[in-house]
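**Student:** structure for this input, please:
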Amino acid sequence: IDVIIDQNNNVPKLLEHLVAIRIENASLRALDRSLALLYFRTGNFKSAADYYERALAHQPDDIVLIKGAGISFLNLHDYAAAKKHLTKANLAVPSDTQVIDWLAKCP
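**Tutor:** Numbering: from 1, shown residues only. Predicted coordinates for the structure are as follows:
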């Protein structure tokens, strides 16, 4: 699904379809990751953070989810939550300079 999202320019329409599918099928937790990414791409960082957290509940070590959550919280100015996720990302991949830069933005 990540590839489809990356190649799709109609993010609002794709988001609408995935939200409807997720509502109809509560057991499709795998969609949480995709919904997080789509909300992030639209700049809806609150919804993105919520879906990143949902996805992390089932995949707590997924570095993409951890970084996405951290960046979403950073954009929401929730620095404590951002720092928590970005620190975890930094510990997992200490050479990731983007994560280091994002951490520096957390007071």
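**Student:** element containing the residue most central in space within the chain, please.
**Tutor:** With distances taken as Cα atoms, centre = their mean, the residue of the chain nearest its centroid is G68 (3.6 Å). Secondary structure assigned from DSSP states H and E places G68 in helix 63-75.
**Student:** using PDB, write out every CA atom in that helix.
**Tutor:** C-alpha atoms of helix 63-75 as PDB (Å, rounded to 0.1, in the frame of the first residue of the first chain):
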ATOM      1  CA  ILE A  63      11.400   2.600  12.600                       C
ATOM      2  CA  VAL A  64       9.300   4.300   9.900                       C
ATOM      3  CA  LEU A  65       6.300   4.500  12.200                       C
ATOM      4  CA  ILE A  66       8.500   5.700  15.100                       C
ATOM      5  CA  LYS A  67      10.000   8.500  13.000                       C
ATOM      6  CA  GLY A  68       6.600   9.500  11.500                       C
ATOM      7  CA  ALA A  69       5.100   9.700  15.000                       C
ATOM      8  CA  GLY A  70       8.000  11.800  16.200                       C
ATOM      9  CA  ILE A  71       7.800  14.300  13.300                       C
ATOM     10  CA  SER A  72       4.000  14.500  13.600                       C
ATOM     11  CA  PHE A  73       4.300  15.300  17.300                       C
ATOM     12  CA  LEU A  74       7.000  17.800  16.500                       C
ATOM     13  CA  ASN A  75       4.700  19.600  14.100                       C
END
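**Student:** picking up where we left off before, any idea how far the residue nearest to the centre of the chain is from E16?
**Tutor:** Look at G68 and E16: by Cβ to Cβ, to the nearest Å, they are 21 Å apart. (C-beta placed from N, C-alpha, C; glycine too.)
**Student:** circling back to that earlier point, pLDDT (mean, whole number) over the helix holding G68?
**Tutor:** The predicted model assigns helix 63-75 a mean pLDDT of 97.
**Student:** can you list the residues that contact that helix?
**Tutor:** Under the contact criterion Cβ atoms under 8 Å, 6 or more residues apart in numbering, helix 63-75 has outside partners 33, 36-37, 40, 45-46, 48-49, 52-53, 55-56, 59, 79, 81-86, 88-89, 92-93, 98-99, 102, 105-106.
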